[in-house]
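*Asks:* Fold the following and give me the result.
(4 chains)
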There are 2 protein chains.
Amino acid sequence: MEKKIFIGFLKDKGQRFTKERAAILQKTLSYHGHFDPESLYLKIRETGLKASRASVYRTLNLLCECGLIDKVRKTEHGTIYEYTFGHKHHDHMLCIMCGNTIEFCSEDLERLHEGLCTKQNFRGVNHTFEIRGYCKKCQKKRR
Amino acid sequence: MEKKIFIGFLKDKGQRFTKERAAILQKTLSYHGHFDPESLYLKIRETGLKASRASVYRTLNLLCECGLIDKVRKTEHGTIYEYTFGHKHHDHMLCIMCGNTIEFCSEDLERLHEGLCTKQNFRGVNHTFEIRGYCKKCQKKRR
DNA sequence: AATGATACTGAGAATCAATCTCAATAAAAA
DNA sequence: TTTTTATTGAGATTGATTCTCAGTATCATT
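*Replies:* I've put the predicted structure just below:
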């Protein structure tokens, strides 16, 4: 499914589905969650597949363009990507102590998104909502 | 007020309020909104004041630590800061066509923040909510 | 005022993610 | 087969940010 979308997207742009791009797509989809380009690159090498860092970066940009993945946020250590296609939209809580991420879905938030856009005459395409604070475990550790 | 806070913060850490830091603080506060380190650096030089880029970066980190300013987001062109102390918390809509930012306040969102944290046993400290899409003007341009 | 201890500064080097260059290669079209 | 065009990877480059470190400024104590 995803493969078909990607190939179609490439074809429309007169671009090719090479074995490097196939490898990058495959490993990207294997994440079902957050990942970063360097880990993806290493994962590809571990498996014996081949693709350079340059190709990884180039292909991740293509995958973003065609909507299979998204950039979640930029950190001091680089960009975090997420395999979003076919996954329900969710938002994040980020623990500023242990760095853990909690995902959650909120219908109320989706409704609020719509309401706010209507009020401001803004055509919202998507959003990110991130709550920073202390997760359950770290609240205990703190004292 | 802000100056007093910054000086107190520095004193607690056994650090000093130098003229470079004073210049950086002053120009930072003059923004009342978003800015980036390079613009700040240039603004300082224009005024005849003196501070190196290194000092700008170092001081912005201090100002974040003591809560006078915040990092809003990292972009491909660097980090966006915001002078937040004494400013009502707000969130952003970002036009992906013209790059313009719309600020808005939402009590509903604040309530939702609280509700979500309670549900997840998360102690939320702050949040960012960003809606990306097309602003009023760009919606017209698009057709 | 002199001394010693400590913090601060700026210039340039270093870091690191991300992009670019470009010659070699592969795939598609003619 | 020949021509055209897209892709690749190694390494260079970029650009934001941080680090280094020698020289300077500030503070505390005599």
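*Asks:* What score does A:Arg143 have for pLDDT?
*Replies:* Residue-level confidence at A:Arg143 comes out at 58, pLDDT.
*Asks:* Check which helices and strands the strand or helix carrying A:Leu40 is in contact with.
*Replies:* Element membership for A:Leu40 (DSSP states H and E) is helix A:37-46. In terms of contacts (3 or more CB pairs under 8 Å, 6 or more residues apart in numbering or on different chains; DSSP states H and E), helix A:37-46 is packed against helix A:19-29, helix A:53-65, strand A:78-83. Yep, even glycine has a C-beta here, placed from its N, CA and C like the rest.
*Asks:* what's the closest of those to B:Glu2?
*Replies:* Of all the helices and strands packed on helix A:37-46, it is strand A:78-83 that lies closest to B:Glu2, at 32.9 Å by CB to CB.
*Asks:* The lengthiest strand in chain A near chain B at all?
*Replies:* The residue-count maximum for a strand in chain A (DSSP state E) belongs to strand A:123-134. Yes - using CB under 8 Å from any CB of the partner chain, strand A:123-134 comes into contact with chain B via A:Arg123, A:Gly124, A:Val125, A:Asn126, A:His127, A:Thr128, A:Phe129, A:Glu130, A:Ile131, A:Arg132, A:Gly133, A:Tyr134.
*Asks:* List the contacts of that strand.
*Replies:* With contact meaning CB atoms under 8 Å, 6 or more residues apart in numbering or on different chains, strand A:123-134 is reached by A:70, A:72-73, A:89, A:91-97, A:109, A:113-114, A:116-117, A:142, B:93, B:96, B:113, B:116-117, B:122-134, B:139.
*Asks:* make it 6 Å
*Replies:* With contacts defined as CB atoms under 6 Å, 6 or more residues apart in numbering or on different chains, strand A:123-134 is touched by A:91-94, A:96-97, A:113, A:117, B:122-134, B:139.
*Asks:* how's chain A carved up into domains?
*Replies:* A:2-83, A:91-141 (automatic domain parsing).
*Asks:* Let me know which of the helices and strands packed on helix A:37-46 is tucked in deepest.
*Replies:* Between these, helix A:19-29 has the highest mean count of neighbours, a mean of 19, where neighbours are mean count of other CB atoms under 10 Å in any protein chain shown.
*Asks:* Many thanks, I have nothing further to ask.
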